[in-house]
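In: Fold the following for me, if possible:
(chains A and B)
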Amino acid sequence: MRRIRWAVAIVGSSAVLVSACGGGTSPASGDGGSSSSSQSSSGATAAGGATVASSSTPGSGGAPAAGVLAAGQATAGSFSGRQFSYSGNGGTTQDAQNKIFGDFATVVGASYAPDGPPTAAKVKAQVDSGNVTWDIVDAPEVDLAEGCGTVYQKIDYSKLDTSKLSPLVPKQDCGIALNASPWTFAYDTEAFPQAPTSWADFFDLAKFPGKRAIYAGFPMQQIEIALLGSGVDPGKLAPPDVDAGYAELDKLKSDLVFYSAGSESQQMMASNQIVACICWSGRVYTEIQNGSHWALVPTAPPVLRMDYLAIPIGSKNTDVAYAAINYFIGAQQQAYWQEATGYPPMNVDAKPKLSAAAKAVDVFQPPFKPVTIDVTFWAGDLAAQMDKWTTWTSS
Amino acid sequence: MATTQDVGADRRAGPPAPAAPRARRSRFDALLLIPALLLILGVVGYPFVVSVIDSFVKVEGRQHAYAWITANPVYLRIIGRTFLTSVVAVVLCVLLAYPYAYVMVLAGRRIRLVLTVAVLVPFWVSGLVRTFAWVILLQSGGPVDRLLPFLGRDGLLHTQTAVLVGLVQVLLPFMILPLYNSMQSIDRRLLQAAESLGARQTVAFFRVVVPLSAPGAGAGALLVFVTSLGIYVLAQILGSPATSMIGSVVYTQTSQLNNTGRAAALSLSMLAGAVVLIGAAYLLFRLVPGARRAG
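Out: Now for the predicted structure:
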């Protein structure tokens, strides 16, 4: 009996160890952690930024308010001895973010602490308890709209130079555009004799037979894509007719597989498990770079999933956070962002040096015509929509 | 349960110690428990009480949490599926672990060492890495699909079978180790006695080894069952949303939607179900004639 107790104790404690080690292995949230490999090139120096990194060409567009630096600039030593922290979703996207924020910290003389992940529950817990350790967080579009004014501070646009922000990204009251993750129609170029040309082809199993993959995590973006597939005009997605979207998705039920993390979608593409997918462009970018025969359908509008830089209510370094965000959205910094991650830049003046693979997924350039979702609709009804999604996917 | 091992332990204990020192010792023993008790009260007891209160009090989306569960049958279905998957995993683990542990007991020292290491090696490899290894093995066109093509048109990946394969692989050591320990302490002369009285080897195994090792199997079954209830990333990666376990719903409700009341209600429903199932299993176990003889 004593032996058994020992065994139970040993096995029990190893169980605790194993589960502790496995604890962090939750599936990646929809936008985080692209694994696209860094593209080096001029990245290091581009983001490195001298003390005065010029970004806006004089005379073009609206100038920033008086006393506000142009986007991408920072004053040397202006926050000497101060500190600020940023919470992101890890992966190569946060590597690039850390590089830019780290450069800013060096210029202004502050210390920078990266952290993460900023799940909605964690940010809210910090704000509710009044113990806010993050000054800037990566907030997904729906979370941001839901928590604007209660969890996230309203942005004082007079403290920033947003004149060069891309008109393709929707503005929000409580955040500055950080990343647009395009949900695209990716397909195996060897699977069909004729290349697909629209989202309708994604839902046409007769003309384009084979397995398709979609994301298991949530309905946003994918309901919109289903609606585009059923012929809804890209301008008439707000608010989305959710039931019509499910009806369109139902057509695929027999040939549908789900991925629950971005890495899985990549694995499916690489090992011929699927012929097409609703995939994040950063993942397709990596596959193209790795030599897979995959491509995007440029004439099927990508649906953007936006992430924003937001400042939680109760941040102790709000002034540093504003200066850091203003630096982050500069043209050089955004050029580096695209070179490092393959995701589109938020600044229209950004001039990245792109490889062929990066150009193939550069969805902010024609012929791509990206569209966005009705954030107000989803934020207002998220829990009930998630119930619906779970019911649909698990039946 | 006074098993044969306990009898042996009593015999080894020798004559009872004088009364006074024993009383002092037991008071000291009780003091030793205090750090663990404080830890359990703080990190298990307090959150548990908060969860119970949240699950009944919190109103999210103009609905009490339990009303929400009953209004969405999908969640009850997922809870049921989680229990079923875990029970099947336990049964498979028992079937695989019994012969393995028996061979470990019978084998010589060197082979036993190899067998023990083979059981423990998986513990030293990250669970996620092992799960992804199964993805490669089970996917269509993968090794398993090519060796056993009759198993399915599209390979086993994304099916309930794949989830069970992964679960059993991860949980088998939790069954083998307690089972081996309880089998090891069975006096092998009992088998000889059974055989000398006319029992065939198989009969001797089922009527002597199995009942005497039942406590080990019970401990293993409990570990496998409870651990399996909480595993969900594996079920997501090897399975599909149609095989998902309750853990992923709890994750969505807490991390994504911040509905802690609903997450608490789901967890407590699971806990209640588990308590009922384990209680029923315990009662059934006592009804098994062999187990009663051992107990």
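In: The stretch 151-300 of chain A against chain B: which residues are in contact?
Out: Residues of the stretch 151-300 of chain A found near chain B (C-beta under 8 Å from any C-beta of the partner chain) are A:211, A:216, A:218, A:257, A:258, A:260, A:261, A:264, A:267, A:271, A:272, A:273. Yep, even glycine has a C-beta here, placed from its N, CA and C like the rest.
In: Next, give me the two most distant ones among those.
Out: Within these, A:218 and A:272 form the most distant pair, 26.8 Å apart (C-beta to C-beta).
In: These two: which has the busier surroundings?
Out: residue A:218 (23 against 17; other C-beta atoms under 10 Å in any protein chain shown).
In: give me the element the residue lying closest to that one once chain neighbours are set aside is part of.
Out: Nearest residue to residue A:218 in three dimensions, chain neighbours excluded: residue A:389, at 6.2 Å (C-beta to C-beta, 6 or more residues apart in numbering or on different chains). Per DSSP states H and E, residue A:389 falls inside helix A:382-393.
In: again, but for residue B:114
Out: Using DSSP H and E, residue B:114 falls in helix B:109-120.
In: Over to residue A:183?
Out: With DSSP H and E as the test, residue A:183 turns up in strand A:176-188.
In: mind listing the strands for chain B?
Out: Assigned by DSSP state E, the strands in chain B fall at B:59-60, B:63-64.
In: Of those, flag the one that's most buried.
Out: The highest mean neighbour count among the strands of chain B, using mean count of other C-beta atoms under 10 Å in any protein chain shown, belongs to strand B:63-64: a mean of 18.
In: So that one, near chain A or not?
Out: No. Strand B:63-64 lies out of reach of chain A by C-beta under 8 Å from any C-beta, never closer than 9.2 Å.
In: Low-confidence ranges, the stretch 1-150 of chain B, go.
Out: Applying pLDDT under 70 to the stretch 1-150 of chain B flags residues B:1-25.
In: One more: the stretch 101-250 of chain A?
Out: Checking the stretch 101-250 of chain A against pLDDT under 70 turns up nothing.
In: before we move on, back to that, which neighbouring elements make contact with the strand holding residue A:183?
Out: Packing partners of strand A:176-188 (3 or more C-beta pairs under 8 Å, 6 or more residues apart in numbering or on different chains; DSSP states H and E): helix A:199-202, helix A:222-229, strand A:276-280, helix A:281-289, strand A:294-296, strand A:303-310, helix A:318-328.
In: what's the helix holding residue B:114 packed up against?
Out: Helix B:109-120 sits against helix B:73-106, helix B:160-184, with contacts defined as 3+ C-beta pairs under 8 Å, 6+ apart.
In: what's next to that helix, contact-wise?
Out: Here helix B:109-120 makes contact (C-beta atoms under 8 Å, 6 or more residues apart in numbering or on different chains) with B:100, B:103, B:104, B:107, B:172, B:173, B:176, B:177.
In: That one to helix B:160-184, inter-axis angle?
Out: On the basis of axes from the mean of the first three to the mean of the last three C-alpha atoms, to 10 degrees, helix B:109-120 is oriented at 140 degrees to helix B:160-184.
In: got the CA positions of helix B:109-120 in PDB?
Out: Output in PDB follows, covering the C-alpha atoms of helix B:109-120 (Å, rounded to 0.1, in the frame of the first residue of the first chain):
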ATOM      1  CA  ARG B 109      15.700  -6.500 -14.300                       C
ATOM      2  CA  ARG B 110      17.100  -5.300 -17.600                       C
ATOM      3  CA  ILE B 111      13.900  -5.600 -19.600                       C
ATOM      4  CA  ARG B 112      12.000  -4.100 -16.700                       C
ATOM      5  CA  LEU B 113      14.300  -1.000 -16.900                       C
ATOM      6  CA  VAL B 114      13.700  -0.700 -20.700                       C
ATOM      7  CA  LEU B 115       9.900  -1.000 -20.200                       C
ATOM      8  CA  THR B 116      10.000   1.600 -17.400                       C
ATOM      9  CA  VAL B 117      12.000   4.000 -19.500                       C
ATOM     10  CA  ALA B 118       9.600   3.500 -22.400                       C
ATOM     11  CA  VAL B 119       6.800   4.500 -20.200                       C
ATOM     12  CA  LEU B 120       8.500   7.600 -18.800                       C
END
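In: Flag every buried residue along that helix.
Out: B:112, B:115, B:119 (16 or more other C-beta atoms under 10 Å in any protein chain shown).
In: now the residues you listed as CSV including distance to residue B:222?
Out: Below are the buried residues of helix B:109-120 laid out as CSV (distance: C-beta to C-beta, whole Å):
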residue, distance to residue B:222
B:112, 25
B:115, 23
B:119, 18
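In: Tell me which residue in the stretch 101-250 of chain B sits closest to chain A.
Out: residue B:241 (3.6 Å; C-beta to the nearest C-beta).
In: residues contacting that residue?
Out: A:216, A:258, A:390, A:393, A:394.
In: which among those residues gets closest to chain B?
Out: Once C-beta to the nearest C-beta is applied, the member of those that ends up nearest chain B is residue A:393, at 3.6 Å.
In: burial of the closest one, as a residue count?
Out: When neighbours are counted by other C-beta under 10 Å, residue A:393 registers 21.
In: If you drop the residues flanking it in sequence, what lies closest to it?
Out: Nearest in space to residue A:393, with sequence neighbours left out and distances taken as C-beta to C-beta, 6+ apart, is residue B:241 at 3.6 Å.
In: Model confidence for the most centrally placed residue in chain B, exactly?
Out: In chain B, the residue lying closest to the centroid (C-alpha atoms, centre = their mean) is residue B:224, at 1.4 Å. You'll see residue B:224 listed with a pLDDT of 96.
In: how does the chain divide up, domain by domain?
Out: No chain in the question, so chain A it is. A:43-180+A:306-360, A:182-303+A:371-393 (automatic domain parsing).
In: Hmm, no, I was thinking of chain B.
Out: Split by automatic domain parsing, chain B gives B:19-57, B:63-294.
In: Can you report how many residues lie near the residue lying closest to residue B:77 once chain neighbours are set aside?
Out: Excluding the flanking residues, the one nearest residue B:77 by C-beta to C-beta, 6+ apart is residue A:394, at 7.3 Å. Neighbours of residue A:394 under the rule other C-beta under 10 Å: 20.
In: you'd agree residue A:394 is up against residue B:74?
Out: Yes. Using C-beta atoms under 8 Å, residue A:394 is in contact with residue B:74, at 5.9 Å.
In: Neighbouring strands - and their directions - for the strand holding residue A:183?
Out: With DSSP bridges as the test, strand A:176-188 is paired with strand A:276-280 (antiparallel), strand A:294-296 (antiparallel), strand A:303-310 (antiparallel).
In: No further queries at this time; thank you.
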